[in-house]
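Asks: Sharing a sequence plus its predicted fold:
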Amino acid sequence: MIRVRKAAERGHFDHGWLDTYHSFSFSDYYDPAQMGFRSLRVINEDRVAPGRGFGMHPHRDMEIVTYVLSGELTHRDSLGTGSVLRAGELQRMTAGTGIRHSEFNGSTTEPVHLYQIWLLPERKGLEPGYEQRAFGVDERRGRFRVVVSPDGRDGSLTIRQDATLHLAALEAGDEVTHTLAKGRSAWLQVLRGGVTLEGHTLSAGDGAAIESEPGLTVRAGETSEVLLFDLA
C-alpha cells in the first residue's frame, strides 16, 4: 500500500525570515491524521532568509537529522560544537537527556534551503551527541546511498533507532530499487525534481508512505533527488 502526501497538503507558514512546510504536525500546525509515520515524527522543509536563524533552544529525547540542499547553516550547541553545514552535508544530533542548539544563516545575500527530520529514539535518556558528514553527489548518483543507519555502516552517520536513511541523486530516466524486509515500511521524500513511484507521480516536496510492500522502484522524469527512510 502506498499513501501519497502531496506537498501542497503540508502545513505551511511564512514568517518572513522563515518559509516552512511541515509534512507532519509540528508547532502551530496540528492534524491528528498526520502525527508521523512509524518512528518518523517530523519532516520540515525550511528556507531561512540571509542573516536570520533559530536562536538557542532546547530539545530532549529525539534523534534530529538536518540536510542542507543549498546555502550554508551555522550550528552551535551546548556540547561545544561549532560548525558550518554546507550543501550536500548531513548532521545528526542526539538530543537525549537534553541539548541546546542554534542554527543560523550567516550569509548576507543567500537563503539556506534545508530539511530537518526528527525520529523517535530507541529509548529515552540517551547521552547527547553530534555528527556531521558530507556525501558527494558521485556517492549517490544513480543509486541509493546509506547516509544514516543504526550501525554507521559504509561511513554513514549513526542513529539510535532502527531506521536507515538513503539518498539518491538521479538524472532523467534513472531507476533505483529498494527491497523491504518483512514487517518493515518506508517513507520516500522527493527533495528536488520529479519521479514516479510504483505508478504514482511525485514532485518536489511530495512524500509517500509505503507499507506491506516487498520493495519499491523509483524512476526519475527529470534531474531529481530523493530521500528514503527504511523503518521498523
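Replies: Alright, I've got the coordinates.

Asks: which residue lies farthest from the center of the protein?
Replies: The C-alpha centroid of the chain is most remote from Thr108, which lies 25.5 Å away (CA atoms, centre = their mean).

Asks: residues contacting it?
Replies: Pro50, Gly51 (CB atoms under 8 Å, 6 or more residues apart in numbering). The C-beta positions use only the backbone N, C-alpha and C, and glycine is treated the same way.

Asks: for Leu170, same thing?
Replies: So Leu170 contacts Arg141, Gly142, Val176, Gly193, Val195, Val218, Ala220, Thr223, Ser224, Glu225, Val226 (CB under 8 Å, 6+ apart).

Asks: Recalculate using a threshold of 10 Å.
Replies: Residues in contact with Leu170 (CB atoms under 10 Å, 6 or more residues apart in numbering) are 140-143, 176, 192-193, 195, 218-226.

Asks: Same question for Ala168.
Replies: Neighbour list for Ala168: 140-145, 174, 176, 178, 188, 191, 195, 218, 220, 224-228 [criterion: CB under 10 Å, 6+ apart].

Asks: Repeat that for Ser185.
Replies: 1, 37-38, 40, 209-213, 229-232 are the contacts of Ser185 under CB under 10 Å, 6+ apart.

Asks: which of these are buried?
Replies: Among the contacts of Ser185, those classed as buried by 16 or more other CB atoms under 10 Å are Phe37, Arg38, Leu40, Ala209, Ile210, Phe229, Asp230, Leu231.

Asks: Mind putting these into TSV with secondary structure?
Replies: Output for the buried ones among the contacts of Ser185, formatted as TSV (DSSP: H, G, I helix; E, B strand; the rest coil):
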residue	secondary structure
Phe37	strand
Arg38	coil
Leu40	strand
Ala209	strand
Ile210	strand
Phe229	strand
Asp230	strand
Leu231	strand
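
Asks: Out of these, flag the one nearest to Phe135.
Replies: Phe229 (15.8 Å; CB to CB).

Asks: Thought Leu40 was touching that closest one, still the case?
Replies: Yes - counting by CB atoms under 10 Å, Phe229 sits close enough to Leu40 to count as a contact (5.8 Å).

Asks: shared neighbours, the two?
Replies: Going by CB under 10 Å, 6+ apart, residues that sit against Phe229 and also against Leu40 are Ile117, Leu119, Ala163, Leu165, Ser185, Ala186, Trp187, Gln189, Gly207, Ala209.
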